[in-house]
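> Need coordinates for the following:
(one chain, ligands or ions: 1)
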Amino acid sequence: MDLCPQQPALFTFGVIADVQYADLDDGFNFTRTRKRYYRSSLQLLKNALKSWSESAVKPDFILQLGDLIDGFNKLHGASQRALDTVLREFGSCPAKVHHVWGNHEFYNFSRSELMRSPLDSSLYADWGPRGVPGEDDIYAYQFSPFPGFTFVVLDAYDVSLLGRQQSNKQYNNAMNLIRLYNKNEDLNCPPGLQCHSRFTMFNGGFSQEQLDWLDSVLSVADEKQERVTIVSHLPVHPGCTDSVCLAWNHDDLLAMIRSHSCVVCYMAGHTHDGGYCLDKDTGVHHLTVDGVIETHPDSDAYGTVSVYPDRMVLRGNGKIMDRVFLFS
Ligand SMILES: Nc1ncnc2c1ncn2[C@@H]1O[C@H](COP(=O)(O)OP(=O)(O)O)[C@@H](O)[C@H]1O
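Numbers count the residues shown, from 1 in each chain. Okay, here's the model as predicted:
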């Protein structure tokens, strides 16, 4: 397939997900079916950053799709050290980095700590809900890297048991919701029914306030006939992920996308396996980016996306496949 049109890209960006760095020996996922390379993940991050820094066409920005350091750091009192280690690497890259927050961010830091940390990249925002009273702690924003194109960073742990104080309204909403479907004592253990399996503590959802804000962003983009890419840690389309990894109210997000014409792509991490589907109803491309943490040290897991007027072209490295996302 001819991936690239014979013209320079309008702009280019990098994607990387689930680095989950920790200064620990290799381990396994919970079910012990897949190896996790805690130390090598730093080298794979370095490979990505070196490649982006040295490429002839440098990416305008990087999307870091969440779970930058592993939750095990917290157990070893190493959260800040591990974060400093990975951020030092990002420091060598001239491109702006947009950080998405995943469950492992919240294993290491509270929401208010994250809001005051370098992982809060909303300083690059054109617009977010955070100026709005009562919505100050939603980590969502939009930015426009090129005329006619908008990117939206969404907070998939806005309604969550992670990172929020028990007195918080969204913690209570999360507890009520998860208890409806998950009867296990250990709320990290997924319910048996596949249609409810996402209701675990390592997932979360989007609040109504955040959805209302997204609705207004997408309405403006519809009017201006812009192309919108949404990024978050949790996937929302069942066609591109294991059902256990979906956002709790993924259906609300899909309905929101369906009610607007501007969205072209939704990108997430979390599943580590990677996945893709084209939603036939909307023409929206749903991509789940392979996680660095479960990528063999001899391979790689990052991608570079070149954006053209009619498509985005993903060039994958290592585990990540090349793909073309045509705009419908
Ligand atoms: N099936 C399960 N039953 C109970 N706890 C689980 C299960 N799967 C994951 N967990 C726990 O949930 C947390 C997040 O799981 P983890 O696999 O580390 O998430 P991620 O895929 O984001 O790396 C960990 O504390 C893990 O032990």
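
> tell me which parts of this structure are close to the ligand?
Proximity of the chain to the ligand (C-beta under 6 Å from any ligand atom) is limited to residues N29, F30, D67, N103, H104, D186, N188, C189, P190, F202, H270. All C-beta spots, glycine's among them, are computed from the backbone N, C-alpha and C.

> Now a ChimeraX select for only the buried ones of these.
Typed into ChimeraX, the next command selects the buried ones out of the residues of the chain next to the ligand (criterion: 16 or more other C-beta atoms under 10 Å):
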select :67,103,104,190,202,270
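
> which residues sit in contact with the residue lying closest to D158 once chain neighbours are set aside?
Distances taken as C-beta to C-beta, 6 or more residues apart in numbering put S207 closest to D158, at 4.6 Å, once the chain neighbours are dropped. Going by C-beta atoms under 8 Å, 6 or more residues apart in numbering, S207 touches I138, D158, V159, Q170, N173.

> Turn the residues you listed into a markdown table, columns for secondary structure.
Formatted as a markdown table, these follow (DSSP: H, G, I helix; E, B strand; the rest coil):
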| residue | secondary structure |
| --- | --- |
| I138 | coil |
| D158 | coil |
| V159 | strand |
| Q170 | helix |
| N173 | helix |
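
> Could you identify which of those has the most neighbours?
D158 (29 neighbours; other C-beta atoms under 10 Å).

> so that one makes contact with I138?
Yes: D158 is within contact range of I138, at 5.4 Å (criterion: C-beta atoms under 8 Å).

> Report the residue spans of the stretch 101-250 of the chain with pLDDT below the cut-off.
131-135 (pLDDT under 70).

> Need the residues touching each of D158 and I138.
Shared contacts of D158 and I138, counting by C-beta under 8 Å, 6+ apart, come down to S207, E209, Q210.

> name the element the last one belongs to?
If I follow you right, that is Q210. Secondary structure assigned from DSSP states H and E places Q210 in helix 208-224.

> Helix or strand next in line after that helix, which one?
strand 227-231.

> What pairs with that following strand, parallel or antiparallel?
Here strand 227-231 has these sheet partners by DSSP bridges: strand 149-153 (parallel), strand 263-268 (parallel).

> Report the angle between the longest one and helix 208-224.
Our comparison of strand 263-268 with helix 208-224, counting by axes from the mean of the first three to the mean of the last three C-alpha atoms, to 10 degrees, yields an angle of 140 degrees.

> now the strands for this structure?
Secondary structure of the chain (DSSP state E): strands at 11-16, 27-28, 35-36, 61-64, 96-99, 141-146, 149-153, 227-231, 263-268, 275-279, 284-288, 301-307, 311-318, 323-326.

> Mind putting the ones you listed into CSV with mean neighbour count?
Formatted as CSV, the strands of the chain follow (neighbours: other C-beta atoms under 10 Å):
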stretch, mean neighbour count
strand 11-16, 22
strand 27-28, 13
strand 35-36, 18
strand 61-64, 23
strand 96-99, 20
strand 141-146, 19
strand 149-153, 22
strand 227-231, 23
strand 263-268, 25
strand 275-279, 17
strand 284-288, 26
strand 301-307, 25
strand 311-318, 19
strand 323-326, 16
